[in-house]
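Sequence and predicted model, in that order:
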Amino acid sequence: MKKKVIIGVILLLAVLGIGSIAAYLMDADFAENKTTVGGNNITIVERFEPPAAIHPGDVIAKNVKVKNLGPSDCYVRVRAVFTNSDMEKYCTADWNTSDWVYDQGYYYYKKALTKNELTTSLFTKITVDSDADEQKFGDLDVLVYAESYQRGSFKDYASAWQEFEQNRPQ
C-alpha cells in the first residue's frame, strides 16, 4: 500500500510539474483593434438657372461650391469646362483666385475641407462680352466636375495632389 501511495504522489507531482512548466513557457493575450477605412464623399453645390436667351453684356449667375460629406478631411479640385467652345470665347467667369489655384486644367482649393464644410465659391457669375457677335452664339453651359483626395498627413493641397498623380493607375 505504501508503494501505491508513493507512486500516486510521484504521478501527482509529475502532473503538477508539467502543468507548471507549461504555464511558465506559454503566454496568451488578446486585443480587439477595430479600425475603419476613411472615406471621401463630396458633392457639388451649384446655383444656376439657365437664361431663356443670351445677349451681349448679360451677366449670368452661376455659383459653384463643393461640400465634404465624408467622414475624413479632404482636398478638393474642380474642372470647369464650357460645353461650347464658341461661347467660351465670348464669356468670362469671375474665378476666385484667392482661395483656388488653377493648374493644368483643374482649380485646386487651397485648404482641406472638414466634414460638412463647404468651399468658397469657385465662381459666381459668367459675363458675356458686350461686343460679342450674337449671331455666333450657341448654348451656354459650364460642366463642373469635382474630385477629392484624403488629407491624411499631407501638409498642403499641392503635396496631396502630387502624391495622387504619382500613384494614379495608368
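Yep, it's here.

What are the boundaries of the strands in this structure?
Counting by DSSP state E, one finds strands in the chain at the ranges 42-48, 59-68, 74-82, 91-93, 100-103, 106-109, 125-128, 142-150.

and of the ones you listed, who's closest to residue 118?
With Cβ to Cβ as the criterion, residue 118 lies closest to strand 59-68 of those, at 4.7 Å. Glycine gets a C-beta too; all of them are placed from N, C-alpha and C.

quick one on the thing from earlier: can you redo the strands of the chain as TSV with mean pLDDT and distance to residue 161?
Converted to TSV, these look like this (pLDDT from 0 to 100; distance: least, Cβ to Cβ, whole Å):
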stretch	mean pLDDT	distance to residue 161
strand 42-48	94	14
strand 59-68	96	14
strand 74-82	94	6
strand 91-93	93	22
strand 100-103	97	9
strand 106-109	97	6
strand 125-128	94	26
strand 142-150	93	6
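
Show me which helix or strand of this structure is least confident by mean pLDDT.
helix 2-25 (a mean of 59; mean pLDDT, DSSP states H and E).

what about the closest residue in space to residue 114 that isn't next to it in sequence, neighbour count?
Nearest non-adjacent residue to residue 114, counting by Cβ to Cβ, 6 or more residues apart in numbering: residue 73, 5.3 Å away. For residue 73, the neighbour count with other Cβ atoms under 10 Å is 19.

Now stretch 56-74: buried residues?
Residues 58, 60, 62, 64, 65, 66, 67, 68, 70, 72, 73, 74 are the ones in stretch 56-74 that count as buried (16 or more other Cβ atoms under 10 Å).

Could you save the residues you listed as JSON lines and add columns showing distance to residue 143?
What follows is these, written out as JSON lines (distance: Cβ to Cβ, whole Å):
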{"residue": "58", "distance to residue 143": "20"}
{"residue": "60", "distance to residue 143": "15"}
{"residue": "62", "distance to residue 143": "11"}
{"residue": "64", "distance to residue 143": "11"}
{"residue": "65", "distance to residue 143": "16"}
{"residue": "66", "distance to residue 143": "14"}
{"residue": "67", "distance to residue 143": "18"}
{"residue": "68", "distance to residue 143": "21"}
{"residue": "70", "distance to residue 143": "23"}
{"residue": "72", "distance to residue 143": "26"}
{"residue": "73", "distance to residue 143": "27"}
{"residue": "74", "distance to residue 143": "21"}
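
which ones are touching residue 144?
Residue 144 makes contacts with 44, 46, 64, 78, 79, 80, 122, as judged by Cβ atoms under 8 Å, 6 or more residues apart in numbering.

And the pLDDT for the closest residue to the third one other than its chain neighbours?
Ranked by Cβ to Cβ, 6+ apart and with sequence neighbours excluded, the top spatial neighbour of residue 64 is residue 122, at 4.5 Å. On pLDDT, residue 122 comes in at 97.
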